[in-house]
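Student: need a structure here:
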Amino acid sequence: MPSMMDLPNEIVLEIAKLMDLKDAINLLRLNSLPIPELRKMATKPYYFEQAVIGHKISEECPFYLRPDLIGEFDDAKIVPGGEWLVTLSTDYERQEQPPALRQPHVRLWQITPPVQKNFNCVAKAKLPTDYIPLELCLQSGDGPLELLVFVNAYRTAMPHDGGYIQVLRISLAAEDPQFSVIAELKTDEFCTGMCLQNSNVLVGTFTQESYLANAFIWDWKNGGKVEVSTSESGRHWFLIVSETISVLWNANNRSVDVRWSSKSDRPNEEQHHLPLPRDTLADPLLDPQDIFPVIHECRRPSGDTYQTALAHLEHETLRIEVEGLGAGRVSFTRYPKDNTYMENPEDPGDPFGNDAEAPKSFIQTVNGHLVDIASSGRLTAYLASSSEDNTKTGESISYFPFTDFNEDASELHSPFLCPFSGVIGSVSESGEFYIWRMD
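Tutor: This is a model prediction of the structure:
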């Protein structure tokens, strides 16, 4: 059978660019793939990007699956490669109202094609019963096909009285995969959201008494913890945060503030960007769920990495990019568009929109476009700009590829995307799985 060594160099390079090098090597060692399959792996991300921009996703309906579970699904994340899915849920022992017994679980699902045949829960782990799960994040581990799962939870019946973060490890190469706890952290504040940056967990916090939004950086491997404070209560929130730089939305002067810490190459320097007219954005009522948005480390074709975040304002979406976390360039792309579909019916002036329409996460395509999918199933692509200016104007497209995601408008979904494998899907709150895969 032809091997990796028989491939043209340009195909090998394309595969290496689209995957973490360690994961790519592990994948190719464990799978003796023929050249047509490797070529398909290298070209699928480009076809996926074209399908998203060209509204081709909706030409086929997603697969529908329903496991025999009673409970609520809180989050779902796909493992890069499109063969595994991790979910966070609270299971009920009996179908009563209100439920008598609750047991939070994290589960690993196999979704390899054909998904209707191979769909299966291959591993699960119980989480502490005195905390309610909120969200999860994924990261590759140090071993071959090792996956790290980060779980964010809050205290039962007292969401502003403390939180809990747990780190679990599982080997996707094992014959019988098992979750094991390798680190945990209890907090006095409610953890509003988290994201990962190398070996650090970046966490947003909220204190009900002072109505103050802060953040901290947890070095989960070594146990270190660095607090990042804002000093102003209820008036701004973090967009990007690290030990050396913080990017915040400031509702006092309606600007994006960039602050460098004493550990950076520009110690204690502060900049204000994009001041907006007074009538552009009403003072938001701070919602703890929206203080700390998702950020991602993205990669340019040259291989350079940068941090990016999306801030959804009332009449536009703002893309923030930080080239380096020491003294790197900070740039912005503004996407003027009709955001009326995101309006909260109970509060049309709420810049965050309603839970079903406000995007919760996003992925990067091979050409630098950012794509997200909301709970309602609405897909939005924020196209990369060719301008090199610090402030740019971009274009976006938004549409519903699938109507199946939101047949029950009252039920929230946890959507997921994998541009490398061409997979889009969603898990509803009651446990309905929708999975679409590009052939």
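Student: Around the nearest residue to Tyr131 once chain neighbours are set aside, how many other residues sit close by?
Tutor: In this structure, Tyr131 finds its nearest non-sequential neighbour in Ala153, 3.8 Å apart by C-beta to C-beta, 6 or more residues apart in numbering. All C-beta atoms are positioned from the backbone trio N, CA, C, and that covers glycine. If you count neighbours by other C-beta atoms under 10 Å, Ala153 ends up with 24.
Student: next one: Tyr64
Tutor: 11.
Student: what does the one 10 residues further on give?
Tutor: For Asp74, the number of neighbouring residues by other C-beta under 10 Å comes to 22.
Student: just Pro177 next, same as before
Tutor: Residues near Pro177, counting by other C-beta under 10 Å: 16.
Student: from memory it sits against Leu108, does it?
Tutor: Yes. Using C-beta atoms under 8 Å, Pro177 is in contact with Leu108, at 6.2 Å.
Student: So for these two, which residues contact both of them?
Tutor: Common neighbours of Pro177 and Leu108, using C-beta atoms under 8 Å, 6 or more residues apart in numbering, are Val122, Ala123, Ile170.
Student: still on that earlier bit, quick check, the residue nearest to Tyr131 in contact with Leu127.
Tutor: Yes. Taking contacts as C-beta under 8 Å, Ala153 lies within contact range of Leu127: 6.7 Å.
Student: what residues do those two have in common as contacts?
Tutor: Residues touching both Ala153 and Leu127 (C-beta under 8 Å, 6+ apart) are Pro104, Pro133, Gln166.
Student: got the residues you listed as JSON lines, with pLDDT, neighbour count and secondary structure columns?
Tutor: Below are the shared contacts of Ala153 and Leu127 laid out as JSON lines (pLDDT from 0 to 100; neighbours: other C-beta atoms under 10 Å; DSSP: H, G, I helix; E, B strand; the rest coil):
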{"residue": "Pro104", "pLDDT": "91", "neighbour count": "23", "secondary structure": "strand"}
{"residue": "Pro133", "pLDDT": "89", "neighbour count": "24", "secondary structure": "strand"}
{"residue": "Gln166", "pLDDT": "95", "neighbour count": "24", "secondary structure": "strand"}
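Student: Tell me the one of those nearest Val371?
Tutor: Pro133 (25.8 Å; C-beta to C-beta).
Student: ok, that closest one - contacts?
Tutor: Contacts for Pro133 (C-beta under 8 Å, 6+ apart) come out as Asp74, Asp75, Leu88, Ser89, Thr90, Pro104, Val106, Leu127, Val151, Asn152, Ala153.
Student: bridging residues for it?
Tutor: Taking DSSP bridges as the rule, Pro133 bridges to Ala153.
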